[in-house]
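Q: Here is a sequence with its predicted model. Questions after.
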Amino acid sequence: MSFIGHKEGRPSINIRRQREQSGRFAELIAALLLCLKGYRILARRYRSKLGEIDLIAVRGRRLAFVEVKRRSTMEAAEAAKTIRQARRIARAAEQWVWRHPAYHDYEIGLDAMLIVPGHLPRHQPNALQPA
């Protein structure tokens with residue numbers, strides 16, 4: 001069996017680029033859906049030492065930290081949500097709020113947006129609340 005373009009079991013650069021583009025497109029779809037639901041996007045791909053948050057959005061007094069999951073099936077997208085990831089996002093969200101005092105008294109939501117080809121995107125408010 002040949003693994004041309006693979007090194008040590010990792011995907012080739014072209015495959016990684018395709019996944020990156022696919023992820024960015026999924027995040028754009030998620031941002032558009034949130035805007036249609038009345039949210040305003042405050043940040044995309046927020047990165048800190050504590051982790052990355054795909055989207056940060058606000059609607060009224062609710063501040064949503066959104067993890068976008070693009071998978072081939074809804075079951076795979078659901079399975080991609082993990083407790084470890086929820087904790088990482090919660091820590092990064094806490095840091096973001098700490099750095100933005102205007103949002104200290106807002107309701108915080110750790111949401112998921114599931115993107116599956118052939119299906120409408122599914123926004124799941126509070127789906128990533130850590131245990």
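A: That came through, no problem.
Q: show me where this structure has helices.
A: Across the chain, reading from the start of the chain, the helices by DSSP state H fall at 13-36, 74-79, 83-99.
Q: hmm, who's touching the shortest one?
A: I take that to be helix 74-79. 69, 70, 71, 114, 115, 116, 119, 122 (CB atoms under 8 Å, 6 or more residues apart in numbering). Every C-beta, even on glycine, is put in place using the N, C-alpha and C of the backbone.
Q: where does that helix sit relative to the chain's centre, distance-wise?
A: Offset of helix 74-79 from its chain centre (CA atoms, centre = their mean, to the nearest Å): 14 Å.
Q: for the longest one, same thing?
A: For helix 13-36, the distance from its own C-alpha centre to the chain's C-alpha centre is 10 Å (CA atoms, centre = their mean).
Q: for that helix, packing partners?
A: For helix 13-36, the helices and strands in contact under the criterion 3 or more CB pairs under 8 Å, 6 or more residues apart in numbering; DSSP states H and E are strand 40-48, strand 51-59, strand 62-70, strand 107-115, strand 122-124.
Q: wait, residue 23 sits on residue 67?
A: No - taking contacts as CB atoms under 8 Å, residue 23 lies outside contact range of residue 67: 11.4 Å.
Q: Count the residues that sit near residue 123.
A: 17 (other CB atoms under 10 Å).
Q: Skipping its backbone neighbours, what lies nearest it in space?
A: The shortest distance from residue 123 to any residue other than its chain neighbours is 5.4 Å, reached at residue 113 (CB to CB, 6 or more residues apart in numbering).
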